[in-house]
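Visitor: pasting the sequence and the predicted coordinates here, then a few questions.
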Amino acid sequence: MRNNPLDTGSNKIIYQKDVLEFTQVAVQFCATLEQCEGVEKKELIDKLLKLIPLLYLKAQLLPAVESDGTFLPDDQVTESDYEFIRCSVASLLGNDDEYLDVAYDEFMQTDDTRWKRVSENLADVYQPVRNFLATYQGGLEDCMLDALWSLTDSFEMYWGEALVDALARLHRVKYAFKENSDEDIEE
């Protein structure tokens, strides 16, 4: 008798509906960034404004897994891959890439102001998501489970916030651009 791939055993978690749905959205997200050269700025922003909330939602629905990282494979995304994504997005966004971020530091009880870039936020998300996909494509269940653990852990630690930051900035860029376009039309 064949095992049910949706079995709740530790390795079968990787075939659950929420993991498969995350994987589908992650493939679209990574492909969008990998193929953004030559795309119009407005088109990229529109696509990302749809994919980013979906990716965040699907990441929230991923099952919690335990691992000691024994079967975690090496990262597949190289520094040059990261830079390609960052530079491609930065080139398309131009002056809209960089923005001032103000965050409250609870420990120091002060506001911390720093410059950020949408391109870096997206490259910071691309890296763990693409690493997960590369491992998932390999089909080795123990590695897939560890990759899922690493993905959810890094989502909680940093790339979830980077994704939200990119979404907020892209939202402002799209609707500020729309207002400016409307003003140009009215003049």
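Guide: Arrived safely.

Visitor: so where's the protein uncertain?
Guide: 1-11, 104-105, 107-110, 177-187 (pLDDT under 70).

Visitor: so where do the helices sit in it?
Guide: In the chain, the helices defined using DSSP state H lie at 17-34, 41-60, 79-93, 118-138, 141-154, 160-186.

Visitor: report the angle between the second one and helix 79-93.
Guide: Same thing as helix 41-60. Relative orientation of helix 41-60 versus helix 79-93 (axes from the mean of the first three to the mean of the last three C-alpha atoms, to 10 degrees): 130 degrees.

Visitor: and the fifth one, by the same measure?
Guide: Note on geometry: by the same axes, to 10 degrees, helix 141-154 and helix 79-93 are set 50 degrees apart in direction.

Visitor: give me the helices and strands touching helix 141-154, please.
Guide: In this structure, helix 141-154 makes packing contacts with helix 118-138, judged by 3 or more C-beta pairs under 8 Å, 6 or more residues apart in numbering; DSSP states H and E. Placement of C-beta: from N, CA and C, glycine included.

Visitor: and the helix it packs on, what other elements does it pack with?
Guide: Under the contact definition 3+ C-beta pairs under 8 Å, 6+ apart, helix 118-138 sits against helix 17-34, helix 41-60, helix 79-93, helix 141-154, helix 160-186.

Visitor: how about 6 Å then?
Guide: Where contact means 3 or more C-beta pairs under 6 Å, 6 or more residues apart in numbering; DSSP states H and E, helix 118-138 is packed against helix 17-34, helix 79-93, helix 141-154, helix 160-186.

Visitor: in it, what's buried?
Guide: 118-136 (16 or more other C-beta atoms under 10 Å).

Visitor: residues contacting Asn131?
Guide: Counting by C-beta atoms under 6 Å, 6 or more residues apart in numbering, Asn131 touches 75-77.

Visitor: just among those, which is most surrounded?
Guide: When neighbours are counted by other C-beta atoms under 10 Å, Val77 leads those with 19 neighbours.
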